[in-house]
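Undergrad: My questions concern the predicted model and sequence given below.
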Amino acid sequence: METRPDRSVSLETLPRKQHGIVAAIEWARLADPEARRLRELGFDEGVDVEVLHRATLGQGPIACRIGRMTVALRRAVAGTIHVSPMPAAAE
């Protein structure tokens, strides 16, 4: 898992079933339609996100939960979203 100095990781590498808080989005790396779609879906700094599923071959989309929605993101788009992992809740 690639860690940045601020201890955030890309959404693409966040472990499955772990929650994170969106720390930053590299808007400049996204095409205008992709950036607009992320904003319409509610992606922004401070939002809670959770990876639910990722394709097994490593090339397919990533399903994640944002709020009460489940959305699928291409891996390239997920790589532009940096999240701060939240500690796992005690069960």
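TA: Arrived safely, thanks for sending. Just so you know, these numbers come straight off a predicted model, no measurement behind them.

Undergrad: Using the three-state scheme, assign E40.
TA: Three-state secondary structure (criterion: DSSP: H, G, I helix; E, B strand; the rest coil) places E40 in helix.

Undergrad: and it, how many neighbours?
TA: By other Cβ atoms under 10 Å, 8 other residues sit near E40. Glycine gets a C-beta too; all of them are placed from N, C-alpha and C.

Undergrad: Any figure for the gap between it and I66?
TA: 11 Å (Cβ to Cβ, to the nearest Å).

Undergrad: now swap in P85 and tell me
TA: 16 Å.

Undergrad: again with V77
TA: Where I66 is concerned, V77 sits at a distance of 13 Å (Cβ to Cβ).

Undergrad: Strands along this protein, start to end?
TA: 9-10, 19-25, 48-54, 62-66, 69-73, 81-85 (DSSP state E).

Undergrad: partners of the third one, with directions?
TA: Paired with strand 48-54 in the same sheet, following DSSP bridges, are strand 19-25 (antiparallel), strand 62-66 (antiparallel).

Undergrad: just the last one next, same as before
TA: Strand 81-85 pairs in its sheet with strand 9-10 (antiparallel), strand 19-25 (antiparallel), by DSSP bridges.

Undergrad: could the ones you listed be laid out in CSV, adding mean pLDDT?
TA: Shown next, in CSV, are the strands paired with strand 81-85 (pLDDT from 0 to 100):
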stretch, mean pLDDT
strand 9-10, 94
strand 19-25, 95
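
Undergrad: Which one of those strands lies nearest to R54?
TA: strand 9-10 (12.4 Å; Cβ to Cβ).

Undergrad: Now for the nearest residue to I25 once chain neighbours are set aside: which residues touch it?
TA: Spatial nearest neighbour of I25, chain neighbours left out: I81 (5.3 Å); criterion: Cβ to Cβ, 6 or more residues apart in numbering. By Cβ atoms under 8 Å, 6 or more residues apart in numbering, the residues touching I81 are S10, L11, E12, V22, A24, I25, E26, L38, F43, V49, L73.
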